[in-house]
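Enquirer: here is a sequence with its predicted model. Questions after.
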Amino acid sequence: MYPYQTNYSPAPQYGYGSYGAPTRSFSETTTLANGTQVTRTTSTFDNSWYAPYYHQMQNSQQFNNLQYWFQSVDRDRSGSISAMELAQVQFRGRPLGYPCAAKLITAFDKDNSGTIDFREYVALHGFLTTMSNAFFYADRDQSGTLDAFEIYNAVASAGFRLSQSTISAIVRRYNNTGVGLTFDSFLMAMAHLAIVRSIFEWNDVQRSGRVFLTFDQLSHITIQCL
């Protein structure tokens, strides 16, 4: 039995922040197990797990560069960019690529629009920077790949608390070389974890640290994470 149900008003309301980027908020009605209904207006960005990445980047020198890049890609001035546009981002000297960009859009796109706004992009870039630092810090032998032990340390330093069995599953899924995760495959794995974390948070309405899912919901989640 699903203990509560969350309904969002059909039309999000928008405010405007830096660079005129929309700040999305929803009127959220939650029906608890005892039948009590609680309604509140929730910012889908400020309550997200990735919002701190934005606030960390906001006062950095890199912020203006990110704003310039975002404006150059957002040619229609819609205030949002797609996975195809995000794939053009040069990260450590090479394009992010569409497969990784598509996963990241899914992770940072709560309203399921298929795009992210400027604040979400800044948070995403901060997330990528953290993951990159975690990879190169964990790669103590400078082999360019991480084994299971190094991945465990990298993931932990990036803020994900996972069991060794989950780490082993990540290695089996993303170890394309047979000798460990390269930087590119590590980013793909971290993008996968970002999706899972976002979906978990979106379903954990009461912030209890637990979610209850129907078979249909679980099926939808696993398809999103493929």
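Expert: Received it, and whenever you're ready, just let me know what you need. Because the structure is a prediction, the values reported are computed rather than measured.

Enquirer: pLDDT score for the closest residue to residue 80 other than its chain neighbours?
Expert: Distances taken as C-beta to C-beta, 6 or more residues apart in numbering put residue 115 closest to residue 80, at 3.8 Å, once the chain neighbours are dropped. Every C-beta, even on glycine, is put in place using the N, C-alpha and C of the backbone. At residue 115, the model reports a pLDDT of 93.

Enquirer: what is residue 115 paired to in the beta sheet?
Expert: Counting by DSSP bridges, residue 115 is bridged to residue 82.

Enquirer: and the helices in the protein?
Expert: Using DSSP state H, the helices found in the chain span residues 51-58, 62-73, 83-86, 98-108, 118-138, 148-157, 164-174, 183-203, 215-225.

Enquirer: which ones are touching the closest residue to residue 150 other than its chain neighbours?
Expert: Among residues not flanking residue 150 along the chain, residue 138 sits closest, at 4.4 Å (C-beta to C-beta, 6+ apart). Taking C-beta atoms under 8 Å, 6 or more residues apart in numbering, we find residue 138 in contact with 146, 150-151, 153-154, 157.

Enquirer: which of those residues has the most neighbours?
Expert: residue 146 (29 neighbours; other C-beta atoms under 10 Å).

Enquirer: quick check: the gap between the closest residue to that one other than its chain neighbours and residue 137.
Expert: Nearest residue to residue 146, sequence neighbours excluded (C-beta to C-beta, 6+ apart): residue 181, at 4.8 Å. According to C-beta to C-beta, to the nearest Å, residue 181 stands 14 Å off from residue 137.

Enquirer: that's all I had, so thanks and see you.
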